[in-house]
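*Asks:* no FASTA, just this:
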Ligand SMILES: NC(=O)c1ccc[n+]([C@@H]2O[C@H](COP(=O)([O-])OP(=O)(O)OC[C@H]3O[C@@H](n4cnc5c(N)ncnc54)[C@H](OP(=O)(O)O)[C@@H]3O)[C@@H](O)[C@H]2O)c1
């Protein structure tokens with residue numbers, strides 16, 4: 001597919017999966033709008049995109065969890081780009097911990113950023129989209145398989161999965177394709193959150209995916225019109241199958257200490 005000159009908006013574009021995605025589209029000479037909160041990292045990311053070949057760049061400091069800020073940012077996008085061809089809703093974060101010990105503020109925060117951030121951006125950008133446009137939502141395998149000690153994060157990502165599937169059906173008639181990307185553990189700043197201190201992910205980043213791989217999934221989902229991309233690791237495929245067909249067996253397996261440890265280490 002020729003992305004040259006296409007208007008691509010990426011939220012959470014200042015690091016990790018979002019930055020790699022913005023760079024992938026920049027290399028294909030798209031026009032890129034980068035969204036994140038931190039201005040310093042955003043400005044560095046914008047320079048990287050320009051150097052990589054983006055036809056035009058626009059960097060907007062915006063908290064996706066704040067609808068007023070999203071409205072303002074999207075007005076600037078409309079002014080700068082006119083219509084939008086690709087929206088990648090990627091901004092998000094996770095807080096790890098047992099539900100009993102979790103703060104309600106953290107659970108609300110993840111829902112506001114991961115879920116409502118996706119809803120707000122989609123709502124505001126959709127009127128600028130025409131047939132042939134694409135919305136790509138970065139969910140998670142944690143939005144397909146609910147893991148122990150991730151209740152708030154999983155709930156926010158399951159919400160992203162359901163929202164994505166529902167609007168996919170609705171927007172099909174308008175020729176707008178909606179894709180879901182479900183990464184597993186990926187080598188980004190995600191695990192810098194202090195709740196992950198001492199977590200096996202921080203000792204074993206070796207088995208994680210590179211963010212550039214997930215960026216390729218995103219581009220590929222558009223080029224090949226793939227509705228949903230999930231990890232193809234055998235353990236996760238088996239877990240998805242068991243959850244859908246044998247929930248009782250699946251529950252017992254997920255509660256076994258061995259599986260819990262393995263999933264934490266390997267990013268289930
Ligand atoms: N890494 C993984 O293992 C993994 C696995 C599955 C799914 N994911 C999902 O992948 C997405 C990208 O995360 P990542 O792994 O690339 O982590 P990351 O390196 O921490 O990147 C997160 C990006 O989102 C931005 N962001 C966070 N909160 C924001 C907010 N309220 N408003 C605007 N921007 C915000 C961050 O910039 P600022 O902080 O400056 O705003 C940053 O640019 C997330 O949705 C995450 O849930 C990650």
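*Replies:* Here it is on my side, so go on. Quick caveat: nothing in here was measured; it's all calculated off a predicted structure. Residues are numbered from 1 along each chain as shown.
*Asks:* Pull the distance from the helix or strand that contains residue 9 to the chain's centre.
*Replies:* For residue 9, the host element (DSSP states H and E) is strand 7-11. Taking C-alpha atoms, centre = their mean, to the nearest Å, one finds strand 7-11 lying 13 Å from the centre of the chain it belongs to.
*Asks:* who does that strand touch, helix- and strand-wise?
*Replies:* Secondary-structure packing of strand 7-11 (3 or more C-beta pairs under 8 Å, 6 or more residues apart in numbering; DSSP states H and E): helix 16-27, strand 31-36, helix 67-81, strand 86-89, helix 117-125. For every residue, glycine as well, the C-beta is placed using N, CA and C.
*Asks:* can you redo those as a markdown table with mean pLDDT, distance to residue 234 and mean neighbour count?
*Replies:* Formatted as a markdown table, these follow (pLDDT from 0 to 100; distance: least, C-beta to C-beta, whole Å; neighbours: other C-beta atoms under 10 Å):
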| stretch | mean pLDDT | distance to residue 234 | mean neighbour count |
| --- | --- | --- | --- |
| helix 16-27 | 98 | 23 | 25 |
| strand 31-36 | 98 | 35 | 28 |
| helix 67-81 | 98 | 39 | 17 |
| strand 86-89 | 98 | 28 | 28 |
| helix 117-125 | 98 | 29 | 22 |
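*Asks:* In JSON lines, list the ones you listed along with distance to the ligand.
*Replies:* Shown next, in JSON lines, are these (distance: least, C-beta to the nearest ligand atom, whole Å):
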{"stretch": "helix 16-27", "distance to the ligand": "2"}
{"stretch": "strand 31-36", "distance to the ligand": "4"}
{"stretch": "helix 67-81", "distance to the ligand": "8"}
{"stretch": "strand 86-89", "distance to the ligand": "8"}
{"stretch": "helix 117-125", "distance to the ligand": "6"}
